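J.: My questions concern the predicted model and sequence given below.
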Amino acid sequence: MTLLLDSLFNGISIGTVLLIAALGLAIVFGLMGVINMAHGELMMLGAYTTFVVQNAFRPLGDPWRDLYIFPALVAAFAVTALVGLALERGVIRFLYGRPLETLLATWGVSLILQQFVRSVNWVLALRLGAFAVLFFGGWWLLSRRADWPRLKGWVLTLLLLLSTAIAAVGGRVLAQTYALAVTQPWFGAQNKDVTAPRWLGGGIPVGNLFLPNTRLFIIALTILCILGLYFFLQRTRWGLRIRAVTQNRAMSACVGIPTQKVDALTFAIGSGLAGVAGVAVSLLGSVGPNTGQNYIVDTFMVVVVGGVGKLLGSIVAALGIGIANFVIGSGTLALIFPNVPILTDTLNFFATTSMAKVMVFALIVAFLQVRPRGLFPEKGRTVDA
Amino acid sequence: MKLVHPPRADHEVAVPAAERDPSPSRKLLWEAGILVLLVLALIFVAPTVLSGFRLNLLGRFLALSIVALGIDLIWGYTGMLSLGHGVFFALGGYALGMHLKLQLPEGQIPEFFSLYGVTELPWFWYPFYSFPFTAVAVVLIPALVAAALGYLVVRNRIRGVYFSILTQATTIIFFNFFNGQQRLINGTNGLTNFQTLFGLDVNSSEMRFAVYVTTVVAVVLAYLLCRWLTSGLFGRILVAIRDDEPRVRFSGYDPTGFKVLVFAVSAALAGIAGALFTLQTGIISPNAMAVPFSIEMVIWVAVGGRASLVGAVLGALLVNFAKSLLSENFPEIWLFFQGGLFLLVVLVLPDGLVGWVRTQGRQLWVTVQLWRRRLANTSPA
């Protein structure tokens, strides 16, 4: 009995991390058919935001510094939602109807983000700022001229070159004048530690079980996110629009739903949820530029198993995968069949965290033989596209 | 597809006879001629021009271009984006690596086993004593794994993005497996420190050159195989599957068989590439199965140009040379560059370099011809 409860709790706590990471991915995939490979990196940005907020709260002294987690949640959501919005407006909206290309483009974004947190320093940040101001400012100024369409190609090329050159030279000058103060990377390639607030330090003993507070916090956070998302999708005007576009994009556009805005909003929310997931992940271990990579494949599997368009699918899939991972990885199954040596040996062979994934993947492929469209597929004859 | 210039342009611009579409057989002759010239250049000229280090790099990149051909076959022609070709590449590499590790006197086992206290060779190593078996395994193991996985996935009409992320998950699975099993296959460290093949030193310059020539020949054979597969009825069915799979099904073809077959062929090519690459780098480790490497392979094809075999080879060579140059000089820029490359290719050059040359180059040619005519007309005779 204890064994069962223990597996259940640990499985659920693995599953909730997966779920909170997969939620944003799932709604974006449901809406646009787009898998965002940079989702893991958005989580990583959320985790780094937590790190920054934590350091900002540290000097405030005792009662406050342990409350950093709440502003961090808001900040992480805001930062990643903005990055997501920029990503959608800048890249993804040009690629609708080409899901495989979107996959590659977002992978490119993820590489850039990884290297960005490694090498970002004042010089790089100011260069980027200067470039953005010059390029987009110039664009904005010149686009009001009457002969803009004729000039467009040339102006954009010229602006691009000019602002790149100015930013590059400016950065070089800055770096030489102030040396280390501005060229020191903010985060560097090393992992950063986010210390969980002290009130999350302990745990609650239940019988023989010990439930760590961080895990409970993540479970509560996930439940909150699901409730919030559910409320947003089911009870608000924009939620209704999102659901409409998810079901039938062309028809929604016909009845006057601004599908472009819906896409942008959904992508921003999905990315924001990735940021919240990043806060959760930062409580579990140290945070590095590669943090996101550890989660992407598992969260993709949640989306594959869960199917498109239903939150419930993602929930069941994430918890299922989490429990399966724990039960196989901890060797609990082998304890259930102590009398069958071959089975025990096989199960013990898979009883490590990484080998459990091998087994779980095999189970997922087997599951897809029965339900190729996921747990809760859309009813009716949808277009096979 | 947009027609760049209508056929009537011939009359207006007076394109020289050689520029008009030659007859298919003449085109084929041209292609064969260029291919032979290139091979001769690679085998006889390249070794005299390039330093030993660069030649070795060229050999490695040529091996990688075989993977690119395979990926082009399934992605460019059939529309299946595999993010898991690193697995097949590494399986081929491991197969040959095991054979190379077994070049030992009777009764000895590879040295790394002693680290883990393993005294007896694991059973699955035994067949790799034989070179013929290894040669077959390099091709067949990746092909069979791909066929099994492909069948299970494709059978249920799982495709598009789903297919991609399932193949990506496969890389994690194999990575975990090979990474975790020290006692079977040396885990993280992979197989390295190869000594001899056929009783010859693998690091001698003659052997290196022989491997290089083998690689060139393998690239040509792979190219010819893909060329053969993509022309004719089979190739047209592949393209039809890419463009409209349900319609192919309604026309009475079952796409499953074609997709599984072409996926397996592509995996076999990746296996051959992996073996040749391993021979030239002297190491095969689970890193070849990690997620990033497999996606990198896709970008080679995207840069060169999808649905163009020449593009795939070209892309693999160009991107890898750029990578080795950049990461030698500015290691921190490489990821920015690679990420930018993904964005650029997808947003600006969706048909890659070859596609760009096909459309823009032709347009440029027409413009130049027009200008020449105009100049000739206005200038006093």
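T.: Structure's in. What do you need? Numbers count the residues shown, from 1 in each chain, chains lettered A, B, ... in the order given.
J.: got the CA positions of stretch A:8-23 in CSV?
T.: The C-alpha trace of stretch A:8-23 is given here as CSV (Å, rounded to 0.1, in the frame of the first residue of the first chain):
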residue,chain,number,x,y,z
LEU,A,8,1.7,7.4,-7.1
PHE,A,9,3.0,10.5,-5.4
ASN,A,10,6.4,10.4,-7.1
GLY,A,11,4.9,9.7,-10.4
ILE,A,12,2.5,12.5,-10.1
SER,A,13,5.2,14.9,-9.1
ILE,A,14,7.2,13.9,-12.2
GLY,A,15,4.0,14.1,-14.2
THR,A,16,3.1,17.6,-13.0
VAL,A,17,6.5,19.0,-14.1
LEU,A,18,5.9,17.4,-17.5
LEU,A,19,2.4,18.7,-17.6
ILE,A,20,3.2,22.3,-16.7
ALA,A,21,5.9,22.2,-19.3
ALA,A,22,3.6,20.7,-21.9
LEU,A,23,0.5,22.8,-21.3
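J.: elements contacting the helix or strand harbouring B:Arg236?
T.: Taking DSSP states H and E as the definition, B:Arg236 sits inside helix B:232-243. Judged by 3 or more Cβ pairs under 8 Å, 6 or more residues apart in numbering or on different chains; DSSP states H and E, helix B:232-243 is in contact with helix B:205-230, helix B:245-250, helix B:255-281. For every residue, glycine as well, the C-beta is placed using N, CA and C.
J.: Tell me, what's the model's pLDDT at the closest residue to chain A within the stretch 201-350 of chain B?
T.: The stretch 201-350 of chain B approaches chain A most closely through B:Phe342 (2.6 Å), counting by Cβ to the nearest Cβ. According to the prediction, B:Phe342 has pLDDT 87.
J.: One more: the one 10 residues further on?
T.: Note on B:Gly352: pLDDT of 82.
J.: tally of neighbours for the closest residue in space to A:Asn290 that isn't next to it in sequence?
T.: Spatial nearest neighbour of A:Asn290, chain neighbours left out: A:Gln114 (6.8 Å); criterion: Cβ to Cβ, 6 or more residues apart in numbering or on different chains. Applying other Cβ atoms under 10 Å in any protein chain shown, we find 25 other residues in the vicinity of A:Gln114.
J.: what sits against A:Gln114?
T.: Residues in contact with A:Gln114 (Cβ atoms under 8 Å, 6 or more residues apart in numbering or on different chains) are A:Glu41, A:Met44, A:Pro289, A:Asn290, A:Gly292, A:Gln293, B:Leu335.
J.: Kindly recompute the last result at 7 Å.
T.: Contact partners of A:Gln114, counting by Cβ atoms under 7 Å, 6 or more residues apart in numbering or on different chains, are A:Glu41, A:Pro289, A:Asn290, B:Leu335.
J.: which of those count as buried?
T.: Buried by 16 or more other Cβ atoms under 10 Å in any protein chain shown: A:Glu41, A:Pro289, B:Leu335, out of the contacts of A:Gln114.
J.: Please work out which residue of the stretch 251-385 of chain A is closest to chain B.
T.: Closest point on the stretch 251-385 of chain A to chain B, by Cβ to the nearest Cβ, is A:Pro372, at 3.4 Å.
J.: which SS state does that residue fall under?
T.: Of the three states, A:Pro372 takes coil under DSSP: H, G, I helix; E, B strand; the rest coil.
J.: how about the closest residue to it other than its chain neighbours, phi and psi?
T.: Nearest residue to A:Pro372, sequence neighbours excluded (Cβ to Cβ, 6+ apart): B:Asn156, at 3.4 Å. Per-residue torsions, B:Asn156: phi -90, psi 20 (degrees, to the nearest 10).
J.: which residues sit in contact with B:Asn156?
T.: B:Asn156 neighbours (Cβ under 7 Å, 6+ apart): A:Leu368, A:Gln369, A:Pro372.
J.: tally of neighbours for the first one?
T.: Around A:Leu368 sit 20 other residues, with neighbours defined as other Cβ under 10 Å.
J.: isn't it right up against B:Arg155?
T.: No. When contacts are counted by Cβ atoms under 7 Å, A:Leu368 is not listed as touching B:Arg155 (9.7 Å).
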